[in-house]
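[1] What follows is a predicted structure for the sequence shown.
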Amino acid sequence: MRPFRWPRGGESFAGWYLCATTGRHIGYESWLERDSLNLLNADPQVTGIASQPFCLLHRHDGGCPRRHAPDCFLRLASDDPRETWRCFLDDHDTWIPLTPPSRRSTSPSPGNLSRPSPGKPSGSSGPALNTFGRMADDCFGHPRLAAIYDPLEPDRSDLDAYLRMAEEFGACQVLDIGCGTGVFALLLADRGIEVVGIDPAQASVDVARAKPGSERVHWICGDATALPPLQVDLATMTANVAQAIADPDTWQKTLRGAYEALRPGGRLIFETRDPARRGWEEWTRENSYHVTEIPGVGSVESWVQLIEVSWPLVTFRWTYVFAADGQVLTSDSTLRFRERDEVETDLVTHGYVVQDVRDAPDRPGREFVFLARRP
């Protein structure tokens, strides 16, 4: 709403706070506000924070109009929509609840699919109010790592099967959940398909938006638990996306969100590793060490190591070494391994019909690829 300034000789000690909840910097105008951000950042009920996002105008009893920019705007993880949005008005711990924007009662037509209300206004330079409750893994959320994700993963033949299924089912509108740097979304757009790509990692979405042809895709920084109104033919979760949703409650809400975004007859397609193959035993430095020469970046060493197996959760760490300046960055990730019957039960519980469970052509015998239809 307004810029944050640091005037010479000022006594308010303004600055920027790196917020784990959003994965971005948030401005503050005093140390008291900074301390409040510290507390909000540690509160699991707070799922989004923005600083001074709008201005309130008020005229009391016919007097002079008053103007005030709230210090913070929060999104809360509440089941009561009246308690979902709150403003932190001033430095005296004053809060007001706000009624969230009403959702459109009608679904958008195919022609309007690529223009649902985004989580952040187009062209805005202010902090995004994210719709997720935890920071994305650093390999997706750290700007330096997001920028090299594609060069480190050049072989995306795993997406060929999804492209064939999109053609098989005649999909014209697709929701790409966990779109990352936009590789799959842009492949779909190349085929004339209208695509909404959503991902909780702002840095990855920024990489996607910077690619040629990205204007053909509607990008959202968020997750499938808080989607705009949609009615798509196909929803997808490629690669690790389904397993990266490790929290059971978030997983259920994701399945529900995808179901609501599908038109009747639409399909949800995603993959998950077969736990019986114990794929994590291969996640070692010896098996994964690689040196990649990246134009404009230089040489980057990378490898993965298994950190912990606490069934059904498996945690591993990627390490990246940049030869140009010697910086070492790491990214920890946790995947949830689900049995086939567990996934099928979850899908049926949310109203899906499990149409098929296929093999991944590029990884035979290692993955379950679920095809679930909304009746």
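    Great, that's in hand.

[2] Poorly predicted segments of the chain, please.
    1-12, 53-69, 78-135 (pLDDT under 70).

[3] in it, which spans are helices?
    31-42, 138-141, 143-152, 160-168, 183-190, 202-209, 241-244, 248-261, 285-288, 340-349 (DSSP state H).

[4] Packing partners of the first one?
    Using 3 or more CB pairs under 8 Å, 6 or more residues apart in numbering; DSSP states H and E as the contact criterion, the elements in contact with helix 31-42 are strand 15-19, strand 24-28, strand 46-51, strand 72-76. Quick note: C-beta positions are derived from backbone N, CA and C, even for glycine.

[5] Asp160 - how many residues pack around it?
    12 (other CB atoms under 10 Å).

[6] and it, what is it in contact with?
    Pro361, Asp362 (CB atoms under 8 Å, 6 or more residues apart in numbering).

[7] That one and Val183, how far apart?
    12 Å (CB to CB, to the nearest Å).

[8] Show me what counts as buried in stretch 220-237.
    For stretch 220-237, a neighbour-count test (16 or more other CB atoms under 10 Å) marks 220-228, 230-237 as buried.

[9] For Asp341, see how far away Leu163 is.
    28 Å.

[10] swap in Arg144?
    41 Å.

[11] If you count surrounding residues, which of these two has more?
    Using other CB under 10 Å as the criterion, Arg144 and Asp341 rank with Arg144 on top: 14 against 8.

[12] Would you agree the more buried one is in contact with Leu329?
    Yes - using CB atoms under 8 Å, Arg144 is in contact with Leu329, at 6.7 Å.

[13] what do the two both touch?
    Contacts common to Arg144 and Leu329, judged by CB under 8 Å, 6+ apart, are Phe322.

[14] for this structure, which residue is closest to the average position?
    Nearest to the geometric centre of the chain sits Pro200, at 1.5 Å (CA atoms, centre = their mean).

[15] For stretch 299-312, list every residue counted as buried.
    Val300, Ser302, Trp303, Val304.

[16] chain center to that stretch, what's the gap?
    Distance, stretch centre to chain centre, for stretch 299-312: 21 Å (CA atoms, centre = their mean, to the nearest Å).

[17] likewise stretch 238-246?
    On CA atoms, centre = their mean, the centre of stretch 238-246 falls 11 Å from the chain's centre.

[18] quick one: terminal-to-terminal distance for it?
    With CA to CA, to the nearest Å as the measure, stretch 238-246 spans 15 Å from end to end.

[19] residues in contact with it?
    Against stretch 238-246 from outside (CB under 8 Å, 6+ apart): 137, 158-159, 162, 176-178, 180, 184, 251, 254, 270-273, 313, 333-338.

[20] With distance to Ala210 added, can I get the buried residues of stretch 299-312 in TSV?
    What follows is the buried residues of stretch 299-312, written out as TSV (distance: CB to CB, whole Å):
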residue	distance to Ala210
Val300	19
Ser302	22
Trp303	27
Val304	27
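
[21] Quick check: the residue nearest to the centre of the chain vs Val241, distance?
    10 Å.

[22] Which phi and psi values does Ala323 adopt?
    phi -70, psi -30 (degrees, to the nearest 10).

[23] So what pairs up with the nearest residue to it once chain neighbours are set aside in the strands?
    Leaving aside its chain neighbours, Ala323 sits nearest to Ser299 (3.9 Å; criterion: CB to CB, 6 or more residues apart in numbering). Beta bridges link Ser299 to Glu293 when assigned by DSSP bridges.

[24] Ok, the one 5 residues further on next?
    Judged by DSSP bridges, the bridge partners of Val304 are Trp318.

[25] Would you mind measuring from the residue nearest to the centre of the chain to Gly222?
    Distance of Pro200 to Gly222, computed by CB to CB: 6 Å.

[26] ok, now Val232?
    Val232 is 16 Å from Gly222, by CB to CB.

[27] about what we covered before: who are the neighbours in contact with the residue nearest to Ala323?
    Val291, Thr292, Glu293, Phe322, Ala323, Ala324.

[28] Buried ones only from those residues, please, as a ChimeraX command.
    To isolate the buried members of the contacts of Ser299 in ChimeraX, using 16+ other CB under 10 Å:
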select :292,322
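
[29] Now for Tyr352, how many residues are close by?
    Tyr352 - counted by other CB under 10 Å - has 22 other residues nearby.

[30] My guess is it contacts Arg374. True?
    Yes - the criterion here is CB under 8 Å, and Tyr352 meets it with Arg374 at 6.4 Å.

[31] list residues touching both of those two?
    Tyr259, Leu268.

[32] my read: Ala14 touches Ser30, true?
    Yes - counting by CB under 8 Å, Ala14 touches Ser30, with 7.0 Å between them.

[33] Overlap of the contact sets of these two?
    With CB under 8 Å, 6+ apart, Ala14 and Ser30 have no common neighbours.

[34] Residues contacting stretch 357-375, please?
    Contacts of stretch 357-375 (CB under 8 Å, 6+ apart): 157-158, 160-161, 165, 259, 262-274, 277, 279, 340, 343-344, 347, 351-356.

[35] From Ala242, how far off is the closest residue to Gly141 other than its chain neighbours?
    Nearest residue to Gly141, sequence neighbours excluded (CB to CB, 6+ apart): Ala201, at 4.3 Å. To Ala242, Ala201 is 16 Å away according to CB to CB.

[36] Settle it for me: which of these two has more neighbours?
    Ala201 (29 against 25).

[37] before we move on, the earlier item: make a ChimeraX selection of the buried ones in the contacts of stretch 357-375.
    In ChimeraX syntax, the buried subset of the contacts of stretch 357-375 is picked out as below (16+ other CB under 10 Å):
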select :158,161,165,259,262,266,267,268,269,270,271,272,273,274,279,343,344,347,352
